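Enquirer: only the shape, not the letters, is given here:
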């Protein structure tokens, strides 16, 4: 049986709205034209494919299946737990928990322990891991060739799967190879080839090795990193959805009507901008924590409590981050309302609502698109900063910020545990870089002053 958290429902709702928006854009030539230039850009297509891959991982992690288990001691005691489809896919690395730290691709623990050999002699050695490299009798001599062989296996399986995917795509597609979609098709398939290769090499290696090592409690760091993708995407996308109505409505009203309405809206966003955002977010999160502690009946599980805190964080970030876009839209609206075509429409008796809907809003949408895509990467980084100072997501929630926060003490110990910080940085860097590159292409495509 499927089950969904509040953030899961919102994520699928945003994807449904995105699909509907794409369908609407495909029907209008003036909207389809700039997006065609995005898809004809090499950088735009490559970054979009990476973003869609991250979105697919987040959707798999948001589709949950309820599992029931009966206790052996009490047959009537039935416990229910939920696992996402991503958890099920990652079962080999999710269930292979070691005792404590282990380095990437290591067969031994990272710290020494006192062991007693068969002869009764006490040894101070690095013990073998329970899962990592246990299929090897002599890791020092066999590991290099085994990793190479499994990587080659992943390369073969990834290439074969990609080839099947390409055949299916060309069989379904009705467009010729030299059509206007050829650039998008070629570079998207090349990017997918890289993703397929990396994914299948990971599939071959992950059940036998901890690719990114393990943390203090022995949990696989690769599993934590992939689970954190959903949190990063939710922070970036849901927060923009919350801030968008405030920024667009208030910005257009302030710039179009001016007068006392402009003064009130300016006072609101100026006052809000003067409050340090970190302090405002910290106060709101602490108030929410107090409410959760005082009302434990409203949150039946730790997962529900962590999900509500994540949702509240998105709402708070959205309510505190709309001021920049609002100020930008106000300035642009002040300029557009004095244009000749707006003046002519007003002289012909067009209502103010129609002027805002038909003449003002379409001419500022390029600013909205550019700002939203640029703010997405900033919000992903904001979650890492907030979790680092313990006012972000719940500690039980997988996120890059929590991983970085945990790495503070790990970087100070001897020997240094560097892989948790490196893994979270690598994946977060990939997502933010793809979002920034895509934002640059979208900006060039929608900027009316750019030379196409």
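Expert: All right, it came through fine. Please read these numbers as outputs of a predicted model, since none were measured by experiment. Numbers count the residues shown, from 1 in each chain.
Enquirer: going forward, measure contacts between C-alpha atoms and count neighbours the same way
Expert: Noted.
Enquirer: so what's the gap between stretch 93-112 and the chain middle?
Expert: 27 Å (Cα atoms, centre = their mean, to the nearest Å).
Enquirer: stretch 240-247 now?
Expert: 18 Å.
Enquirer: got a list of contacts for it?
Expert: Contact partners of stretch 240-247, identified using Cα atoms under 8 Å, 6 or more residues apart in numbering, comprise 314-315, 318-323, 325-326, 329, 372, 375-376.
Enquirer: let me see the mean pLDDT of that stretch.
Expert: Stretch 240-247 comes out with an average pLDDT of 87.
Enquirer: next, the buried residues of the helix or strand containing residue 61.
Expert: If you go by DSSP states H and E, residue 61 is part of helix 42-62. Neighbour-count burial for helix 42-62 flags 42-51, 54-55, 57-62 (criterion: 16 or more other Cα atoms under 10 Å).
Enquirer: state the distance from residue 115 to residue 124.
Expert: 6 Å (Cα to Cα, to the nearest Å).
Enquirer: ok, residue 307 next?
Expert: 44 Å.
Enquirer: more neighbours, those two?
Expert: Using other Cα atoms under 10 Å as the criterion, residue 307 and residue 124 rank with residue 307 on top: 22 against 10.
Enquirer: next SSE after the helix or strand encompassing the more buried one?
Expert: Using DSSP H and E, the element containing residue 307 is helix 302-320. For helix 302-320, the following helix or strand on the C-terminal side (DSSP H and E) is helix 323-336.
Enquirer: mind giving me the packing neighbours of that following helix?
Expert: helix 221-257, helix 259-274, helix 361-388 (3 or more Cα pairs under 8 Å, 6 or more residues apart in numbering; DSSP states H and E).
Enquirer: which of those comes out lowest on mean pLDDT?
Expert: Among the helices and strands packed on helix 323-336, helix 361-388 scores lowest, with a mean of 78.
Enquirer: can you pull the contacts of the residue lying closest to residue 298 once chain neighbours are set aside?
Expert: Nearest residue to residue 298, sequence neighbours excluded (Cα to Cα, 6 or more residues apart in numbering): residue 292, at 7.8 Å. By Cα under 8 Å, 6+ apart, residue 292 lies in contact with 298-299, 305.
Enquirer: so which of the residues you listed is the closest to residue 227?
Expert: residue 305 (17.5 Å; Cα to Cα).
Enquirer: tally of neighbours for the closest residue to the closest one other than its chain neighbours?
Expert: In this structure, residue 305 finds its nearest non-sequential neighbour in residue 299, 5.6 Å apart by Cα to Cα, 6+ apart. Neighbours of residue 299 under the rule other Cα under 10 Å: 15.
Enquirer: chain center to the helix or strand encompassing residue 287: distance?
Expert: Per DSSP H and E, residue 287 falls inside helix 277-294. Between the centre of helix 277-294 and the centre of its chain there are 24 Å (Cα atoms, centre = their mean).
Enquirer: residue 184 and residue 39 touch, don't they?
Expert: Yes - assessed by Cα atoms under 8 Å, residue 184 is found in contact with residue 39 at 5.4 Å.
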